[in-house]
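*Asks:* coords below, sequence missing:
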């Protein structure tokens, strides 16, 4: 991957951004960037429906990015969506159009995953990441606060407050007065109260702001002599007083105020003031590293087999006390079956093979809750837990595979009949069935292939006769595939 181009697309609640970088010796050197102010969060109705105007603004921005990304290898582009598309009820409808416009898949990431990627980007842009950093990133719909050291996060949090949402909520029409600003700041302080104690206990050596709100505030403070360098508590107080005195950001006569930031400055300033007050901050520096740079470095880590998802799977196995030997047996057999059916699964970093192995390693985590219906508990955990490195789509995929690994297949009837996921479900179910004894005896040798409607298993007739429990389980498995319109033939060869 050395000397190759990579790109990250960030579908934020305020702006959509594209970052193109060149990879040289495990470092990423930014080459090109595009930014489109979309105000996606402004199109979110009170019942959390993303209106058509906001959708059109988003699609227009993505069409511009699509031209710049023309000719890029699909593996070199990663696109992530943040808070507005986490909460919008019609996000799926928009994402289908967005992916078609952009030409690449788009992942909706969780708040904590967003925080992790932000910290990864900031840490790679810092001169001394060995110090303990508090990173603050105020976005359009959410605010991420991270404490980390040596590119490893220690505390991660994403709070539901952003410069767009707060500007619309507390400063309609851009009007600002003392009471409205106080209410906005108090609302932000209430959001922060749930994390203040833990963050103060952890502590930090320096404070870093990232992304648009922090840069906009810093520029205004420095260019108007309100701060010598960076963002200060005193400077924030002076800027807030100036904003209240002017009555709106558009009436302020200060250097450094960019037109595209004016509508969201009041909300962002109120949140920043709340953070300084609640965490008792005096000074904040700024870093150009942010979400999109973190996405690029995360891509680089995956290529060099330093995949955060692998680390997450290992942590989950440890946390939920998974029987590692059983998980390894199931994973090995399931992968062997998949490689018979899909030869491409033998290739390194084959996505389907990766997810099948991860599902096999995690399929029993629900036993830590209860053995009865443990597959349902496993699926629930995988769908709802914070899983660093995994997007929401990734987690949903893992959850479906694990839910389907035993019991009735009818619960998967909503899955498209032609989805390749059925192949992974087949491999995992058969592997679990073959290792029911949970011992180190090698499983019976199977030859598997596709049929028009499903799958065919060839097995030694002597083994079928010698293993009546396995034969009965395979017969039941055939009945399960029939319930979803599929087919499983089992043939004993002499």
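*Replies:* Noted; the coordinates are in hand. What you are looking at is a predicted structure, and each value in this text was computed from that prediction instead of being measured.
*Asks:* Who are the contact partners of the residue nearest the centre of the chain?
*Replies:* With distances taken as CA atoms, centre = their mean, the residue of the chain nearest its centroid is residue 109 (2.5 Å). Neighbour list for residue 109: 80, 81, 82, 86, 117, 391, 392 [criterion: CB atoms under 8 Å, 6 or more residues apart in numbering]. No exception for glycine: its C-beta is placed from N, CA and C like everyone else's.
*Asks:* quick one: which of those has the most company?
*Replies:* Ranked by neighbour count (other CB atoms under 10 Å), the contacts of residue 109 have residue 117 at the top, with 31 neighbours.
*Asks:* so what's the residue lying closest to it once chain neighbours are set aside scoring on pLDDT?
*Replies:* Spatially, and ignoring its direct neighbours in sequence, residue 117 is nearest to residue 294 (3.6 Å; CB to CB, 6 or more residues apart in numbering). Turning to residue 294, the model gives it a pLDDT of 90.
*Asks:* helices or strands up against the helix or strand residue 294 falls within?
*Replies:* Counting by DSSP states H and E, the element that carries residue 294 is helix 291-303. Counting contacts by 3 or more CB pairs under 8 Å, 6 or more residues apart in numbering; DSSP states H and E, helix 291-303 packs against strand 4-11, strand 15-24, strand 27-37, strand 77-81, helix 111-125, helix 308-319.
*Asks:* which neighbours does the first one have in its sheet, and in what orientation?
*Replies:* Taking DSSP bridges as the criterion, strand 4-11 sits next to strand 15-24 (antiparallel), strand 77-81 (parallel) in its sheet.
*Asks:* Enumerate the positions of the helix holding residue 294 that are buried.
*Replies:* 291-303 (16 or more other CB atoms under 10 Å).
*Asks:* Tell me which residues are up against that helix.
*Replies:* 1, 6-10, 12, 17-19, 21, 23, 26, 28, 30, 33, 76, 78, 80, 82, 114, 116-122, 124-125, 137, 211, 307-309, 349, 389.
*Asks:* Equivalent analysis for stretch 252-268, please.
*Replies:* Stretch 252-268 is contacted from outside by 14, 37, 39, 138, 140, 162-171, 174, 176, 181, 184, 212-213, 216-217, 219-220, 222-224, 242-243, 246, 248-250, using CB under 8 Å, 6+ apart.
*Asks:* how far is the helix holding residue 294 from where the chain is centred?
*Replies:* In terms of CA atoms, centre = their mean, to the nearest Å, the centre of helix 291-303 is found 12 Å from the chain centre.
*Asks:* secondary structure element for residue 135?
*Replies:* Per DSSP H and E: strand 133-138 holds residue 135.
*Asks:* right, I mislabeled it, should have said residue 425
*Replies:* helix 421-434.
*Asks:* same check, this time on residue 457
*Replies:* Going by DSSP H and E, residue 457 is part of strand 454-460.
*Asks:* Okay, buried residues for that strand please.
*Replies:* The neighbour-count check on strand 454-460 (16+ other CB under 10 Å) flags 454, 455, 457, 459, 460 as buried.
*Asks:* Name the SS class of residue 449, please.
*Replies:* strand (DSSP: H, G, I helix; E, B strand; the rest coil).
*Asks:* Check it and give its pLDDT.
*Replies:* For residue 449, pLDDT reads 94.
*Asks:* now do the one 5 residues further on
*Replies:* According to the prediction, residue 454 has pLDDT 92.
*Asks:* got the contact list for it?
*Replies:* 426, 481, 486, 487, 488, 489.
*Asks:* what's around residue 58, how many residues?
*Replies:* Neighbour count of residue 58, defined by other CB under 10 Å: 26.
*Asks:* cool, residue 214 as well?
*Replies:* Counted by other CB under 10 Å, the residues lying close to residue 214 total 24.
*Asks:* same question, residue 179
*Replies:* 10.
*Asks:* So it versus residue 347, what's the distance?
*Replies:* 62 Å (CB to CB, to the nearest Å).
*Asks:* Residue 369 too?
*Replies:* Distance from residue 369 to residue 347, by CB to CB: 36 Å.
*Asks:* Pick out whichever of these two has more residues nearby.
*Replies:* Neighbour totals were compared for residue 369 and residue 347, and residue 369 leads with 15 against 10 (other CB under 10 Å).
*Asks:* ok, that one - contacts?
*Replies:* Taking CB under 8 Å, 6+ apart as the test, what residue 369 contacts is 377, 381.
*Asks:* at 6 Å instead, please
*Replies:* Residue 369 makes contact with residue 377 under the criterion CB atoms under 6 Å, 6 or more residues apart in numbering.
*Asks:* how near is it to residue 376?
*Replies:* 9 Å.
*Asks:* Report how many residues lie close to residue 442.
*Replies:* Neighbourhood size, residue 442 [other CB under 10 Å]: 9.
*Asks:* wait, residue 167
*Replies:* If we define neighbours as other CB under 10 Å, then residue 167 has 29 of them.
*Asks:* tell me which residues in the longest helix belonging to the chain are buried?
*Replies:* When the chain is parsed with DSSP state H, its longest helix is helix 178-202. Going by neighbour count (16+ other CB under 10 Å), the buried part of helix 178-202 is 180, 181, 184, 185, 187, 188, 189, 191, 192, 195, 199.
*Asks:* What's the first helix or strand after that helix?
*Replies:* Sequence order places strand 206-210 as the next helix or strand after helix 178-202, per DSSP H and E.
*Asks:* Need the contact partners of that following strand.
*Replies:* 122, 131, 133-137, 281, 284-287, 290.
*Asks:* circling back: give me the PyMOL select line for the contacts of residue 454, limited to the buried ones.
*Replies:* Selecting just the buried residues from those in PyMOL takes one command, with 16+ other CB under 10 Å as the test:
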select buried, resi 426+481+486+488
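*Asks:* Helix or strand: which one has residue 327?
*Replies:* In this assignment (DSSP H and E), residue 327 forms part of helix 324-341.
*Asks:* can you check residue 59 too?
*Replies:* Judged by DSSP H and E, residue 59 forms part of helix 52-68.
*Asks:* quick one: that helix to strand 4-11, angle?
*Replies:* 170 degrees (axes from the mean of the first three to the mean of the last three CA atoms, to 10 degrees).
*Asks:* State the mean pLDDT of helix 52-68.
*Replies:* 97.
*Asks:* other SSEs contacting it?
*Replies:* helix 91-102 (3 or more CB pairs under 6 Å, 6 or more residues apart in numbering; DSSP states H and E).
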